[in-house]
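In: quick check, what structure comes out for this input:
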Amino acid sequence: MTLAKMSAAPGCLALTAALAAWADEPAQKAKAKPASAVDEKAIMEKYMKAAAPGAEHEKMGKMAGKWKLAVSMWMAPGAPAQKSEGTAEFKPILGGRYLQQEVRGDMNGQTFEGLGVEGFDNVTKERFATWVDNMGTGAMVVRGKCAADAKKCTLKGKVPDAIAGKEVPVTETVTMKDDDSFTFEMQGPGPDGKMFKTLEILYTRQ
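Out: Next comes the predicted model:
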């Protein structure tokens, strides 16, 4: 029987299909093969690198300790500054990956308590900071890019504003004078929407 006649016979057609499927089976298995051990190792290396503290985290850790705060706050552009004092304690957390700041002070005769967490994201290459306190129920979140050895760093983000009834833009700038002192400045929108300095804090190590 010729090849043409074999392929025309029903039984031979089934046999031919079976042989073709058997021949293609290794290719199908290769396509369905899960990630190899080499791929898994590469993935784990990326996760480990993203989670490893680096130069930026080491610099943040140098701020650990207790600080004295001299606070100046402006409620509106051109308004006189409201002065107060407070204390802060910085401490590295979660293996030095983040820096926690706990602040206590006085605001218009009321006890003020605040908690911040800042860090450097190895994935986005950005610094970030979050802040919550007992004067509200929302969180401020800011981000920005600064070199690990930068003496001045500006982060931008948003904060819930009770007057506006929504989140508004905010900018914060930290200027390092030396290992034992630095200034923190914050800007927010005034009644006309223009940004102005709302807060300045001088930190001095105790």
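In: make it CA atoms for all contacts and neighbour counts henceforth
Out: Noted.
In: run through the chain and note the low-pLDDT ranges.
Out: Applying pLDDT under 70 to the chain picks out residues 1-35.
In: all strands of it, in order?
Out: 65-73, 82-93, 98-107, 110-121, 126-133, 140-144, 152-161, 166-178, 181-189, 195-205 (DSSP state E).
In: ok and the third one relative to strand 65-73, angle-wise?
Out: Strand 98-107 and strand 65-73 meet at an angle of 50 degrees, taking axes from the mean of the first three to the mean of the last three C-alpha atoms, to 10 degrees as the criterion.
In: right, and the strands of the chain - which one's nearest G54?
Out: Smallest distance to G54 across the strands of the chain (C-alpha to C-alpha): 8.9 Å, for strand 110-121.
In: tell me the buried residues in the closest one?
Out: Neighbour counts over strand 110-121 (16 or more other C-alpha atoms under 10 Å) mark E113, L115, G116, V117, E118, G119, F120, D121 as buried.
In: just give the nearest non-adjacent residue to the second one, would you?
Out: For L115, ignoring the flanking residues on the chain, the nearest one in space by C-alpha to C-alpha, 6 or more residues apart in numbering is E102 at 4.7 Å.
In: for burial, what's the neighbour tally of the one you found?
Out: E102 has 17 neighbours, counted by other C-alpha atoms under 10 Å.
In: partners of it in the sheet?
Out: For E102, the beta-bridge partners are E89, L115 (DSSP bridges).
In: right, and it touches P92 too?
Out: No. Here E102 does not reach P92: they are 11.6 Å apart, not a contact under C-alpha atoms under 8 Å.
In: can you lay out the strands of the chain as a markdown table showing distance to S36?
Out: Shown next, in a markdown table, are these (distance: least, C-alpha to C-alpha, whole Å):
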| stretch | distance to S36 |
| --- | --- |
| strand 65-73 | 47 |
| strand 82-93 | 35 |
| strand 98-107 | 34 |
| strand 110-121 | 29 |
| strand 126-133 | 32 |
| strand 140-144 | 37 |
| strand 152-161 | 41 |
| strand 166-178 | 46 |
| strand 181-189 | 50 |
| strand 195-205 | 52 |
